[in-house]
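In: Quick one, fold the following:
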Amino acid sequence: MTNFPLNVGALALDDLQTLHSGGVWLTLPEAARTAIRASHKIVADAAAGNAPVYGVNTGFGKLANKRISAADLDTLQLNLIRSHSVGVGEPLAPAVIRLMLALKAASLARGYSGVREIVVDTLIAVYNAGLIPYVPSQGSVGASGDLAPLAHMTLALLGEGEMLDNGQRIAAADALAKAGIAPLKLAAKEGLALINGTQTSTALALHALLTFEPVLEAALVIGALTVDAARGSDGPFDPRIHAVRGQPGQIDVAKYYRALLAGSEIRHSHEENDDRVQDPYCLRCQPQVVGACLDQLRHAALVLLREANAVTDNPLVFADTQEMISGGNFHAEPVALACDAMAVAIAEVGAIAERRIAMLIDGSVSRLPPFLTADAGLNSGFMIAHVTAASLASENKSLAHPASVDSLPTSANQEDHVSMATFAARRLQAMIANTSHILGIELLASAQGIEFLRPLQSSIALEEAHALLRNVCASISTDRYMAPEIERATLLVRNGALSKVFRALPNLPALWIPV
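Out: Numbering: from 1, shown residues only. Just a heads-up that it's a prediction; the model follows:
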């Protein structure tokens with residue numbers, strides 16, 4: 001297993017992809033240990049003193065004015081974790097849990113949280129052992145931090161919660177013992193530091209970003225294939241058009257399409273004597289639409305990268321001035337707004353794909369056989385496959401409603417504005433699944449359209465994409481059971497097969513801007 005030094009405060013997007021995938025051995029740099037020890041000393045001194053300090057010797061939330069005796073400080077932290085482990089619903093995916101463990105370790109290791117080294121070491125040990133705490137997916141409002149899900153994660157570290165073993169819930173104590181990890185015993189402020197923070201919503205949002213990356217790349221390939229199937233023009237992708245507008249995502253997407261369509265015989269076949277003046281918007285406005293989506297996703301990636309490196313618990317410890325200061329970094333509004341933007345972008349990628357399917361099956365627009373079948377009437381072709389795509393696009397419209405505008409006060413109005421970031425991030429997986437299925441249907445439709453234009457060939461890249469589909473789905477010449485075909489086509493969208501076609505193109509700008 002490869003050693004992976006936890007680059008505290010400076011994790012890059014590639015690092016987060018690695019942590020999401022797993023299979024690495026995390027280590028903690030010595031400089032981080034020095035910072036951890038310095039901040040812990042301040043908390044230890046506060047715990048031994050007489051002054052009230054929130055989260056150290058007081059209650060929490062609305063109960064912050066309740067003073068806790070020195071003898072009960074450790075019990076206070078344990079009770080906090082037990083009482084906050086109240087999540088419901090299906091468990092979070094293992095990849096999300098891996099990110100939660102790593103991001104929490106990285107945040108605490110920056111030395112502003114006052115925990116002991118053993119807390120960070122236990123998080124890292126659980127990650128390295130491949131253990132997956134059982135964390136229900138529902139129950140967080142995204143302020144004051146992701147309390148319930150992080151409490152479930154922490155409870156497993158204490159040996160009181162549960163772990164997942166091949167999808168089955170087992171006692172965390174047994175899983176820790178098998179891995180040779182001692183259950184964590186909490187000291188002053190440590191429970192609060194572990195559950196205060198945005199690591200769940202951030203992990204869910206990063207999970208969506210990383211999951212959608214191959215889908216977006218597939219969408220570019222499929223969109224280009226549809227341009228050729230409809231004998232569309234590549235004129236709208238001329239770089240001069242996009243340069244005078246200046247939107248970076250639009251400029252890049254136009255470049256992607258030019259590369260994907262380069263050398264197509266189909267395009268050359270209708271450069272002259274074509275009586276059509278302009279293509280439908282779903283073809284010629286792809287750089288404007290998908291490019292705008294790409295800009296939103298790039299912005300979200302930057303926000304999430306900052307949040308992944310952030311310290312988001314409360315109160316914060318500043319060792320250089322010997323101060324503990326209460327604030328609100330646990331409020332996940334940046335994550336919520338980024339996720340709402342991602343939701344709209346994911347929905348729009350699916351929406352324009354659905355319009356391309358509708359265009360392909362309409363013979364009066366695409367000039368292909370109606371519903372992409374040679375014997376329409378006896379065969380319905382892609383008629384109802386398009387209905388499925390329309391239903392999924394419509395469902396995404398509802399899911400794209402911003403979660404961040406829906407705040408409900410909690411904790412007896414002490415926490416009177418919350419972000420709903422956890423749901424904002426969690427609903428993205430359903431939207432990605434919907435958009436992936438729409439693209440799977442479009443892939444089947446565009447490949448069928450290309451075959452009506454034979455013997456003409458598309459570009460090398462697009463013929464490779466066509467061949468990938470035909471390796472798993474035969475041409476649909478007459479009506480047959482199509483649902484399994486849609487699933488196989490959708491798998492090509494999601495599993496990176498079409499991404500490889502896109503990524504093999506030379507000299508293209510990166511999908512995500514490196515930082």
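In: Reduced to three states, what does the residue nearest to E451 when sequence neighbours are not counted come out as?
Out: With CB to CB, 6 or more residues apart in numbering as the criterion, E451 has its nearest non-adjacent residue at 5.7 Å, and that residue is S475. Yep, even glycine has a C-beta here, placed from its N, CA and C like the rest. Following DSSP: H, G, I helix; E, B strand; the rest coil, the label given to S475 is coil.
In: and if you look at the one 4 residues further on?
Out: What three-state DSSP gives for D479 is coil.
In: That one: neighbouring residues, count only.
Out: The tally of other residues near D479 (other CB atoms under 10 Å) stands at 14.
In: can you check H417 too?
Out: With other CB under 10 Å as criterion, H417 counts 13.
In: Could you say which helix or strand holds L101?
Out: helix 94-108 (DSSP states H and E).
In: Also H299?
Out: Secondary structure (DSSP H and E) places H299 in helix 286-308.
In: that older thread, which strands and helices sit next to the helix holding L101?
Out: When contacts are defined as 3 or more CB pairs under 8 Å, 6 or more residues apart in numbering; DSSP states H and E, helix 94-108 packs onto helix 13-21, helix 117-128, strand 132-133, helix 147-157, helix 190-195, helix 199-229.
In: Tell me where the protein has strands.
Out: For the chain, applying DSSP state E gives strands covering 2-5, 24-27, 88-91, 132-133, 136-138, 162-165, 168-171, 316-318, 323-325.
In: how about the ones you listed, which one is nearest H207?
Out: strand 136-138 (11.4 Å; CB to CB).
In: residues of the closest one that come out buried?
Out: Buried residues in strand 136-138, counting neighbours by 16 or more other CB atoms under 10 Å, are found at P136, S137.
In: follow-up on the earlier one: dump the residue contacts of the residue nearest to E451.
Out: If you count contacts by CB atoms under 8 Å, 6 or more residues apart in numbering, S475 has them with A447, Q448, E451.
In: Quick check: of these, which has the highest neighbour count?
Out: Top of those by neighbour count (other CB under 10 Å): A447, with 26 neighbours.
In: And it, what's its pLDDT?
Out: Here, the pLDDT recorded for A447 equals 98.
In: Skip the chain neighbours and tell me the closest residue to the residue nearest the centre of the chain.
Out: Central residue of the chain (CA atoms, centre = their mean): A208, 1.6 Å from the mean position. Using CB to CB, 6+ apart and skipping the chain neighbours, the partner closest in space to A208 is L428 (3.7 Å).
In: which regions of the stretch 401-515 of the chain sit below the pLDDT cut-off?
Out: For the stretch 401-515 of the chain, the stretches with pLDDT under 70 are 412-413, 513-515.
In: In JSON lines: the contacts of S475, plus distance to E348.
Out: Formatted as JSON lines, the contacts of S475 follow (distance: CB to CB, whole Å):
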{"residue": "A447", "distance to E348": "23"}
{"residue": "Q448", "distance to E348": "25"}
{"residue": "E451", "distance to E348": "29"}
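In: can you tell me which of these lies nearest to R306?
Out: The closest of the contacts of S475, once distances to R306 are taken by CB to CB, is A447, at 40.8 Å.
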